[in-house]
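Asks: This is the structure alone, sequence omitted:
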DNA sequence: TTCAAAAACATTGATATCAATATTTATAAT
DNA sequence: ATTATAAATATTGATATCAATGTTTTTGAA
């Protein structure tokens, strides 16, 4: 059996590097994460925690799974994220009366106060980002939403 | 001292939810990561490992730091990623002759072979993605590259 | 009613990520 | 030549992420 040990053709490598949307998305997301993490650092929260708690700022009752859906993350990731916020007393999880499987996450007073402090920070950072993107923000967000949209059904895909 | 315990105004919450580029980027990146992770799973690698090894498929000698720069990740993250690939014998780290601080990562024969198997998988998955995006791929990639671009210098920012 | 299937959440193990910090080596200034 | 600084990499500790799997509770079908 002949095994290839040669490197890939340079043209192929360059093509992947210059066109891969997955790679481009990871890189862009990391960059923005670092940026907003830095902005929120004085408050002791990350950009992820901000997004999660922003969802909890809507009075509507929520579940762990609904939260996961909204954030686009796994349910197990959500459980882990909530645990950290619980430790910091920013979020409290209350068992549901009707359905004993459900634990409803909600902001504590401390968490709500923190969001009041976080909002102007988000505003300032995002305004600066908008300036840097010179009017392209909407186009970019539309593109990102498209990437996050559910995969359209296809006869070739087994989900 | 009066402390606000009320939730944020619903209009503010919705505005953040609907406009935050950081959140949109995280969600899109996670979605694509899951997708390509699944595609590469038969090979036992992740989308991140694919991107890293793709860079190593360029014959040009590299360093850990240069790799970090290219991937847009921290140098410490790169060290950790290389460690996993080393364990799998897909990558080997060789001390540099001239500069004893430098360890040069390179694909092993096993790693190169794996990339030969990975390329058609990437092609197929990306082609499918392109179809789903209905001709918007280039626009989207341009947007992502813009987000990943270095922050333009500003008198207000201290880097 | 009983019981199988589904739903909600948690746990484990692995990679991924970065800030803060440490270590080793090279470079530049004195 | 010494020494201070910078550069390259590694380590630690925390959150982030998901697949696989387990547990408890609910729901639906026989």
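Replies: All right, it came through fine. Bear in mind that the values here come from a model prediction, so they are computed numbers and not experimental data. Numbers count the residues shown, from 1 in each chain, chains lettered A, B, ... in the order given.
Asks: Write out the residues of chain A neighbouring DNA strand C.
Replies: Residues of chain A found near DNA strand C (Cβ under 7 Å from any atom of the strand) are A:26, A:30, A:33-34, A:37-38, A:63-66, A:75-76, A:79-80, A:82, A:93, A:99, A:101-104. For the C-beta atoms, the positions are set from N, CA and C on the backbone; glycine is no exception.
Asks: For PyMOL, write a command that selects the buried ones of those residues.
Replies: In PyMOL, this line selects whichever of the residues of chain A next to DNA strand C come out buried by 16 or more other Cβ atoms under 10 Å in any protein chain shown:
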select buried, chain A and resi 26+30+33+37+63+64+66+79+82+102+104
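Asks: filter the residues of chain A next to DNA strand C by proximity to DNA strand D?
Replies: Among these, DNA strand D is touched by A:76, A:80, A:99, A:101 when using Cβ under 7 Å from any atom of the strand.
Asks: what's the closest of these to residue B:112?
Replies: Minimum distance to residue B:112 across those is 34.7 Å, recorded for residue A:76 (Cβ to Cβ).
Asks: per-residue pLDDT, that closest one?
Replies: pLDDT, residue A:76: 97.
Asks: How about residue A:5?
Replies: Residue A:5 carries a pLDDT value of 68.
Asks: And the helix or strand bottoming out on mean pLDDT in chain A, what does it pack against?
Replies: Of all helical and strand segments in chain A, the minimum by mean pLDDT, DSSP states H and E falls on helix A:137-148, at a mean of 91. Helix A:137-148 makes packing contacts with helix B:21-40, helix B:137-148 when contacts are defined by 3 or more Cβ pairs under 8 Å, 6 or more residues apart in numbering or on different chains; DSSP states H and E.
Asks: so which of the ones you listed is the most packed in?
Replies: Greatest average neighbour count among the helices and strands packed on helix A:137-148 goes to helix B:21-40 (a mean of 22), per mean count of other Cβ atoms under 10 Å in any protein chain shown.
Asks: other SSEs contacting it?
Replies: helix A:21-40, helix A:47-56, helix A:109-132, helix A:137-148, helix B:47-56, helix B:109-132.
Asks: Helix A:47-56 and that one, what's the angle between them?
Replies: Helix B:21-40 and helix A:47-56 are oriented at 110 degrees to each other (axes from the mean of the first three to the mean of the last three Cα atoms, to 10 degrees).
Asks: What mean pLDDT does helix B:21-40 get?
Replies: Mean predicted lDDT for helix B:21-40 stands at 96.
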